[in-house]
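Visitor: Return a 3D structure for these sequence lines:
(2 chains)
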Amino acid sequence: AQKITQTQPGMFVQEKEAVTLDCTYDTSDQSYGLFWYKQPSSGEMIFLIYQGSYDEQNATEGRYSLNFQKARKSANLVISASQLGDSAMYFCAGYNTNAGKSTFGDGTTLTVKP
Amino acid sequence: DTGVSQNPRHKITKRGQNVTFRCDPISEHNRLYWYRQTLGQGPEFLTYFQNEAQLEKSRLLSDRFSAERPKGSFSTLEIQRTEQGDSAMYLCASSLAGGLVSDEQFFGPGTRLTVL
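Guide: Model (predicted):
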């Protein structure tokens, strides 16, 4: 079983600055994946970035990067050059590649200030 | 590609009634997931299908809940004898196992259930 912990219920960032959203995970699986999703107030879940447990390089997707530290079991999301449209709830999720199920954290609400 | 669709978007029902939700995944996706999300929480896994086979069910899925995916296409989630604690957003997601990004799940807009 996996457990995902997001310790920051809410975060504020100034527009155009970078922000790091924390995620730690606990799993006994050897093969797993970690996802970040964005959920705006409209409710849809939007995939942002993925990191596989065997990937040696940190994942990057545009302004999003994942700071993956396997020994510390952390998978923090870094958003560079924040925009007002980044204001949303962000969820970290762990995926068991054998069982095919995902476990989500409780999320972090990010507010970007103009 | 029209994405994952869910119907209805909203459902209000009285306690004790049965409700059924439908999810249409992205057409070539072979995996389909159901999650439940309550206010301020992350989605909780309920069950998932690979093609028509239901491969895993959460302990959250009591005997009042049943899900089907006949012919490996759309899926239905039925809740019998609804309780007020069933009020939540029910999310469906689909993915292509073995795709470029391992099991990247595309989510539908959800069905918001309110049990009075």
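
Visitor: which one is residue B:96 nearest to, not counting chain neighbours?
Guide: On the basis of C-beta to C-beta, 6 or more residues apart in numbering or on different chains, the spatially nearest residue to residue B:96 that is not a chain neighbour turns out to be residue B:29, at 5.1 Å. For every residue, glycine as well, the C-beta is placed using N, CA and C.

Visitor: Phi, psi for that neighbour please.
Guide: The phi/psi pair for residue B:29 (degrees, to the nearest 10) reads phi -80, psi 130.

Visitor: Residue ranges in chain B under the pLDDT threshold?
Guide: For chain B, applying pLDDT under 70 flags the ranges B:1, B:98-103.

Visitor: Close to chain B: what parts of chain A are there?
Guide: Contacts of chain A with chain B, taken as C-beta under 8 Å from any C-beta of the partner chain, map to A:4, A:33, A:35, A:37, A:43-47, A:50, A:52, A:91, A:93, A:95, A:97, A:99-107.

Visitor: Now, of these, which are buried?
Guide: By the neighbour-count criterion of 16 or more other C-beta atoms under 10 Å in any protein chain shown, those include these buried positions: A:4, A:33, A:35, A:37, A:45, A:47, A:50, A:52, A:91, A:93, A:95, A:97, A:100-105, A:107.

Visitor: what pLDDT, on average, does stretch A:56-63 get?
Guide: Per-residue pLDDT over stretch A:56-63 has a mean of 92.

Visitor: now what about that stretch, what contacts it?
Guide: Residues from elsewhere that reach stretch A:56-63 (C-beta atoms under 8 Å, 6 or more residues apart in numbering or on different chains): A:48, A:49, A:50, A:51, A:65, A:66, A:67, A:68, A:79, A:80, A:81.

Visitor: of those residues, closest to chain B?
Guide: Ranked by distance to chain B (C-beta to the nearest C-beta), these are led by residue A:50 at 4.9 Å.

Visitor: For that closest one, give the beta-bridge partners.
Guide: residue A:35 (DSSP bridges).

Visitor: give the contact list for the closest residue to chain B within chain A.
Guide: Chain B sits closest to residue A:104 of chain A, with a gap of 3.3 Å, by C-beta to the nearest C-beta. With contact set as C-beta under 8 Å, 6+ apart, residue A:104 has these partners: A:4, A:37, A:91, A:92, A:93, B:35, B:42, B:43, B:44.

Visitor: For residue B:2, see how far away the first one is.
Guide: For residue A:4, the distance to residue B:2 equals 30 Å [C-beta to C-beta, to the nearest Å].

Visitor: With the fourth one instead?
Guide: When distance is defined by C-beta to C-beta, residue A:92 is 28 Å away from residue B:2.

Visitor: More neighbours: these two, which one.
Guide: Of the pair residue A:92 and residue B:2, residue A:92 is the one with more neighbours under other C-beta atoms under 10 Å in any protein chain shown, namely 28 against 7.

Visitor: For that one, which non-adjacent residue is closest in space?
Guide: residue A:23 (3.5 Å).

Visitor: Please apply the same query to residue B:34.
Guide: Take residue B:34 and drop its neighbours on the chain: the residue closest to it by C-beta to C-beta, 6+ apart is residue B:46, 4.3 Å away.

Visitor: Alright, that wraps it up for me.
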